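In: predicted model, plus sequence, below.
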Amino acid sequence: MTTVIVFAALVGMLLTGMPIFAALGLTATGILWFAEGNISSIGDTVYSHLDKGVLTTIPLFVFMAQVMIRAKVIDDLYDLAHTLVGHIRGGLGIATVLACTIFAAISGSSVATALSIGASAIPQMKRFGYPERDALGVVAAGGTLGILIPPSGPMILYAVVADASIGGLFLAGIVPGLLMALLFALFCVAQAKWRPGTAAPPFAGWNAVLRAIGRSIWALLAPPVVMGGIYLGIFTASEAAAAGSVYALIIAVFVYRNFGWLELYEAAYATMRTSMMVLLIIAGAAMFGHAITIIRLPFGVTEWVSQLGLGPIGFVVAAMALIFVLGMFLESIAIILITTPILLPTMIKLGIDPIWYGVLLMINLELAMITPPVGMNLFVIKGITDAPLGEVIKGAAPYVALMLLGLAVLVALPGLATWLPYSSGFGR
């Protein structure tokens, strides 16, 4: 009953539109006041959680993405993808998925990926006769790859809350992220065959492909700079974020030459706003985690699960079902910060790998971005196209099924997520 009351109070405040950090903090304050009669432990709790060097990865990766967006790197990325595969039936959809995949490895943000790719891709797709509903759906779904493909903001947040390896999670997301992108691309081909009237432009030729690669080569090198440095042991996650930011500045200023003091100010200001929001949420989550530990709520959940006799797979399936439902109503950051402190002790007791679970959680959070009524990418696509929300939802619906398929594959074959981090020495 205590779990239900706490959960209902928190969700109720979030549904009123209250900021996440405020809802978490107020819930924690109320719990501590009733449990202990004072809230004196809050200060030390918040400080201990924010006093971590790994949190520097958040503003650095955000800044890297902001610089790339303002330097208009995305235009060259989409041109390259379009030149490579745009002539295939369904190729415009494949090009959009490919561009989303590459940009996800730069931005680390689902919304930024959907917004940036959508602004370039949707008009092009419609111009060549691609059905509007299909175009809206592939951009909405492709944008979600920003959560799974590293560097990912939600991955960093989960790693901080669960005390998991950020480098391990980044490596674990690569194969599942490419798997999801492959499923999306194959569906675009099948979808085009179902609609034989969909036109495709002629192949531009290999010279055009080489020119497109030449224009986008610096952007294509950004993911290897970040992930390659981590994989080869050259960088820690924090150092990789710093290297990525410096690299983004170099190509924006000296290669693209469209990044001045105004753009630097805008990128820094957007980074500050985003980073402060995330750090405030982490502070609220620290308070909430401390409060529910005081009342032994996570231990109660562990005991309840033990009584049900669920094994590791049963527990993971139940957790994924719960998070899928929550994703229809709550934002991804809220889901991470509400569920992880409660489920983590049970995961540890059952021997569930936190890196594997983290990848499953990221796929579920991708689903949250395109499931109504609160799918953020659905509203982003509606905002940049003025299309009816119902059309965006219908376009994205098949990709919900594809993500559920990908989630089921990762549950059945955890090695797809864990082999790379553990073979590289990044596992726990």
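Out: Received it, and whenever you're ready, just let me know what you need. Residues are numbered from 1 along each chain as shown.
In: look up the closest residue to Val226, ignoring the ones flanking it.
Out: Gly244 (4.5 Å; CB to CB, 6 or more residues apart in numbering). The C-beta positions use only the backbone N, C-alpha and C, and glycine is treated the same way.
In: tell me the pLDDT at the one you found?
Out: pLDDT, Gly244: 84.
In: not counting its neighbours along the chain, what's nearest Leu310?
Out: In space, not counting the residues next to it along the chain, Leu310 is nearest to Ala318; the distance is 6.5 Å by CB to CB, 6+ apart.
In: okay, buried residues for the strand or helix carrying the one you found please.
Out: Per DSSP states H and E, Ala318 falls inside helix 312-327. Neighbour-count burial for helix 312-327, with 16 or more other CB atoms under 10 Å as criterion, is recorded at 312, 315-317, 319-320, 323-324, 326-327.
In: which strands or helices does that helix pack on?
Out: Under the contact definition 3 or more CB pairs under 8 Å, 6 or more residues apart in numbering; DSSP states H and E, helix 312-327 sits against helix 332-350, helix 354-370, helix 389-412.
In: the shortest one versus helix 389-412: what angle between them?
Out: Computed by axes from the mean of the first three to the mean of the last three CA atoms, to 10 degrees, the angle separating helix 354-370 from helix 389-412 equals 170 degrees.
In: buried residues, the helix or strand that comes right after helix 354-370. List them.
Out: Stepping forward along the backbone from helix 354-370, the first helix or strand reached (DSSP H and E) is helix 376-385. Within helix 376-385, the residues scored as buried using 16+ other CB under 10 Å are 376-382, 384-385.
In: least trustworthy helix or strand in the chain by mean pLDDT?
Out: Using mean pLDDT, DSSP states H and E, helix 297-308 stands out as the lowest-scoring helix or strand of the chain, at a mean of 66.
In: hang on, the earlier thing: please identify the deepest-packed of the helices and strands packed on helix 312-327.
Out: helix 354-370 (a mean of 25; mean count of other CB atoms under 10 Å).
In: now find how far off-centre that helix is within its chain.
Out: From the chain centre to the centre of helix 354-370 is a distance of 8 Å (CA atoms, centre = their mean, to the nearest Å).
In: helices and strands around the helix or strand where Ile31 lies, which ones?
Out: Secondary structure from DSSP H and E places Ile31 in helix 20-36. Counting contacts by 3+ CB pairs under 8 Å, 6+ apart, the secondary-structure elements packed against helix 20-36 are helix 2-15, helix 42-50, helix 261-294, helix 332-350.
In: what is the burial count for the closest residue to Leu221 other than its chain neighbours?
Out: With CB to CB, 6+ apart as the measure, Tyr247 is the residue that lies nearest to Leu221, at 7.9 Å, once sequence neighbours are left out. Other residues lying near Tyr247 total 18 when counted by other CB atoms under 10 Å.
In: same question for the one 10 residues further on.
Out: Each residue near Arg257 was counted by other CB under 10 Å, and the total is 10.
In: look up how far Leu410 lies from Ile363.
Out: Computed with CB to CB, to the nearest Å, the distance linking Ile363 and Leu410 is 7 Å.
In: so Met18: helix, strand or coil?
Out: coil (DSSP: H, G, I helix; E, B strand; the rest coil).
In: just give the nearest non-adjacent residue to it, would you?
Out: According to CB to CB, 6+ apart, the nearest residue to Met18 is Leu26 (7.9 Å).
In: roughly how far does the one you found sit from Pro19?
Out: The spacing between Leu26 and Pro19, counted by CB to CB, is 10 Å.
In: nearest residue to the middle of the protein?
Out: Relative to the mean C-alpha position of the chain, the nearest C-alpha, by CA atoms, centre = their mean, is the one of Ile147, at 1.4 Å.
In: assign that residue to helix, strand or coil.
Out: On the three-state scheme (three-state DSSP), Ile147 is labelled helix.
In: mind starting the numbering at 44 from now?
Out: With the count now opening at 44, the last piece we talked about shows up as Ile190.
In: OK, contacts around it?
Out: Ile190 makes contact with 153, 196-198, 375, 405, 408-409, 412, according to CB atoms under 8 Å, 6 or more residues apart in numbering.
In: about what we covered before: save the helices and strands packed on helix 355-370 as JSON lines, and put in mean pLDDT too.
Out: JSON lines is the format used below for those (pLDDT from 0 to 100):
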{"stretch": "helix 375-393", "mean pLDDT": "83"}
{"stretch": "helix 397-413", "mean pLDDT": "92"}
{"stretch": "helix 432-455", "mean pLDDT": "92"}
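In: in a markdown table: these, plus distance to Ile149.
Out: Below are these laid out as a markdown table (distance: least, CB to CB, whole Å):
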| stretch | distance to Ile149 |
| --- | --- |
| helix 375-393 | 19 |
| helix 397-413 | 17 |
| helix 432-455 | 22 |
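In: right, and those - which one's nearest Trp304?
Out: Closest approach to Trp304 among these (CB to CB): helix 375-393, 31.5 Å.
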